[in-house]
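Engineer: One predicted model, sequence on top.
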Amino acid sequence: MGEQQGSRPRVAAMCLAIENYTHLDDMENAARDAEALHVRLNSTPGCSSALTKHAKVTASSKMLLRAVRASLQEAALAETPPDLFLLYYAGHTVQLASKWGVQALADTRLYLVPAGANPKREGDCDAQCLAMDKLLNVLRKDLCAPVQARAGKAVVFLLLLDSVRRVLAPDGGGAADRTCGVTSPTAPSKATVFVAHFTGLQRKVVCEDGEHSPLVRALLDSQAGVFADGISIASVLSKLACSETAAASVGLDSIPPEYCIVPAQEKNEVDAELRTLLEEWKLGDQAELLAANGVLSLADLESMAEEEVEAFGLNVRFRALLQHVHRLAALRKKDKKHGKKPQQGSSNSKDSGEAGCDCELDLGNEDAADGQDDADPYALALDLAMLNADALLKQLEHFEETRDVSAIVSGMGHFIQDASVQEMGSRSIWFLASDDDLQALIAREDGIEAVLAAMRAHPKISAVQEAACAALSNLAHYNSSNQVRIAAEGGIERMVEAMKVHPEVGALQEHGCAALADLASNTAVGHGKIVAAGGVERVVAG
């Protein structure tokens with residue numbers, strides 16, 4: 001695989017958003033901003049991010065600190081510790097100063113404001129809010145010190161505050177919401193900790209729907225942001241610090257100037273053969289991620305491990321393609337060992353014997369090819385799909401577009417042990433069941449049973465369980481006959497069990513709760529079955 005050039009730090013991040021406040025104005029789009037940065041980080045090689053926006057986690061300073069500590073400890077225990085830890089915070093902050101407009105470092109104290117806090121005076125800040133000094137001490141204890149002891153290296157801590165700041169006089173004599181003024185944290189005393197602090201300006205309490213804050217827009221800018229090729233983190237923040245988008249910046253010189261999240265390098269591209277294969281599998285959008293990780297040819301693809309699919313940020317359909325390519329490589333190796341020539345119509349390339357891009361033809365069914373001139377092209381495609389799980393995955397999107405529920409259900413039944421087929425088949429049913437007119441058709445074609453069979457076959461695979469719960473949620477929505485059928489087929493027990501086994505999967509919990517709520521509204525189903533299965537406990541826990 002191609003080698004990366006430039007200085008790419010390993011980045012661990014926590015994106016924290018508090019959008020709904022009990023006593024202060026809600027921060028519109030705070031969660032959207034945090035999620036946008038979180039998604040971009042997780043799709044970038046060398047970066048990992050945790051997203052925290054749940055109301056329960058952000059309700060108090062203790063819960064807030066607990067969430068931050070968990071993220072720091074996870075980063076410290078990583079097999080390869082981070083070089084830089086980024087904490088992005090979108091929410092209210094409080095600045096406590098001895099006088100208005102103060103400029104001195106020693107005369108300011110800064111606090112993050114939890115969702116349930118109501119800071120009106122100095123005592124409220126310490127009692128209800130998370131002090132910056134406390135946050136930095138936790139940083140030193142839970143991340144910097146363990147990494148220094150284990151790996152012998154310092155971790156740069158970058159704090160990005162994207163907030164509307166409430167300025168309080170210590171005597172409680174007044175408050176004002178401000179988007180400017182200097183706020184500076186006090187760094188821990190140990191020299192192994194480097195703190196860079198940046199406060200974004202001009203964040204609005206009320207935003208247009210879908211609008212990002214000025215700070216997030218600047219960070220995500222495709223040409224000049226921190227994810228642009230060859231643009232250093234320090235240079236982006238230094239420019240922002242000199243502009244009207246920043247209130248204060250401290251310690252930016254502690255960020256090594258060569259640190260680039262996406263280092264400058266010659267732009268790699270996948271070759272024509274691999275691009276054709278990706279497009280045939282409707283995975284053309286994955287080409288850039290592959291190239292960024294040095295997978296440029298079919299030979300590179302064959303040497304790629306399945307564990308790298310998630311590490312590179314590739315989607316679940318790509319996993320099916322990779323399994324397919326690995327199987328072809330194994331078959332070629334076996335044929336070569338026994339002195340066999342590649343079959344005509346296999347996906348071997350013309351001369352080199354490497355995996356080609358005619359993926360459906362690798363099924364190698366020469367008998368089935370007889371008389372194909374008169375065959376129905378759609379029937380032939382369906383027959384081919386049912387011969388190979390990978391081919392079926394390629395056809396699922398077509399089946400969705402044609403609303404061919406029968407083909408989806410048949411494929412799921414045919415490849416019940418293939419987790420990818422069960423997940424994507426359940427997702428197809430989820431998508432189709434969003435149309436009220438198709439809910440009855442899916443039930444007639446035994447779609448409910450197919451989804452439940454997928455859950456029974458793969459109870460420990462969260463992706464299958466999440467997709468299945470989502471499908472059942474849509475199927476049960478305002479459809480009394482489907483509600484009764486789901487309950488009769490054991491759907492309640494299956495969903496409750498999935499919620500119990502995978503408590504960390506938020507989307508699964510959400511879909512499960514929605515489906516149970518719909519089922520509970522049906523008197524023919526009754527509450528008893530849900531209670532007996534432990535549904536109430538799971539809803540409360542979720």
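Structural biologist: In hand now; what should we look at?
Engineer: how would you label Tyr111: helix, strand or coil?
Structural biologist: Per DSSP: H, G, I helix; E, B strand; the rest coil, the secondary structure class of Tyr111 is strand.
Engineer: same question, Glu28
Structural biologist: With three-state DSSP as the basis, Glu28 sits in coil.
Engineer: just Leu215 next, same as before
Structural biologist: Going by three-state DSSP: Leu215 is helix.
Engineer: Surely it is in contact with Val236?
Structural biologist: No. In this structure, Leu215 is not within contact of Val236 by CB atoms under 8 Å, at 10.6 Å. In short, each C-beta sits where N, CA and C put it, glycine included.
Engineer: Tell me which of those two has more neighbours.
Structural biologist: Higher neighbour count among Leu215 and Val236: Leu215, with 26 against 23, using other CB atoms under 10 Å.
Engineer: what's the pLDDT at that one?
Structural biologist: Listed pLDDT for Leu215 reads 83.
Engineer: can you check Arg319 too?
Structural biologist: 77.
Engineer: How about the contacts made by it?
Structural biologist: Arg319 makes contact with Glu306, Val309, Ser420 under the criterion CB atoms under 8 Å, 6 or more residues apart in numbering.
Engineer: Now do the contacts for the last one.
Structural biologist: Read that as Ser420. By CB under 8 Å, 6+ apart, Ser420 lies in contact with Val316, Arg317, Arg319, Ala320, Gln323, Ala389, Leu393.
Engineer: Gln95 in helix, strand or coil?
Structural biologist: Once three-state DSSP is applied, Gln95 turns out strand.
Engineer: Return the distance of it relative to Pro257.
Structural biologist: 30 Å (CB to CB, to the nearest Å).
Engineer: who has more neighbours, the two?
Structural biologist: Neighbour totals were compared for Gln95 and Pro257, and Gln95 leads with 25 against 13 (other CB under 10 Å).
Engineer: Show me where the stretch 51-200 of the chain has its helices.
Structural biologist: Assignment of helices within the stretch 51-200 of the chain using DSSP state H, counting those that start in this stretch yields the ranges 61-77, 122-128, 132-139, 145-151.
Engineer: Can you show me the strands along this structure?
Structural biologist: For the chain, the strands defined by DSSP state E cover 11-17, 47-52, 84-97, 108-112, 130-131, 155-168, 175-178, 193-200, 246-250.
Engineer: wait, which of these is closest to Ile416?
Structural biologist: Ile416 sits nearest to strand 47-52 of all the strands of the chain, at 33.6 Å, using CB to CB.
Engineer: Kindly calculate the angle that that closest one makes with strand 11-17.
Structural biologist: 20 degrees (axes from the mean of the first three to the mean of the last three CA atoms, to 10 degrees).
Engineer: neighbouring strands for strand 47-52, and are they parallel or not?
Structural biologist: strand 11-17 (parallel) (DSSP bridges).
Engineer: Need the contact partners of the partner strand.
Structural biologist: So strand 11-17 is contacted by 27, 30-31, 33-35, 37-38, 41, 46-53, 58, 64, 67-68, 71-72, 74-75, 78, 82-91, 261 (CB under 8 Å, 6+ apart).
Engineer: ChimeraX command for the buried members of those residues?
Structural biologist: Those of the contacts of strand 11-17 that count as buried under 16 or more other CB atoms under 10 Å are selected in ChimeraX with:
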select :27,30,31,33,34,35,37,38,41,46,47,48,49,50,51,52,53,58,64,67,68,71,72,75,82,83,84,85,86,87,88,89,90,91,261
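Engineer: Quick check: the farthest pair among the contacts of Ser420?
Structural biologist: Greatest spatial distance in the contacts of Ser420: Val316 and Ala389, 13.0 Å, computed using CB to CB.
Engineer: Compare neighbour counts for the two and give me the winner.
Structural biologist: Neighbour count, other CB under 10 Å: between Val316 and Ala389, Ala389 has more, with 19 against 16.
Engineer: Is that one in contact with Phe415, as I believe?
Structural biologist: Yes. Ala389 is within contact range of Phe415, at 4.5 Å (criterion: CB under 8 Å).
Engineer: Identify the contacts common to these two.
Structural biologist: Val421.
Engineer: now stretch 472-482: mean pLDDT?
Structural biologist: Averaged across stretch 472-482, pLDDT comes to 92.
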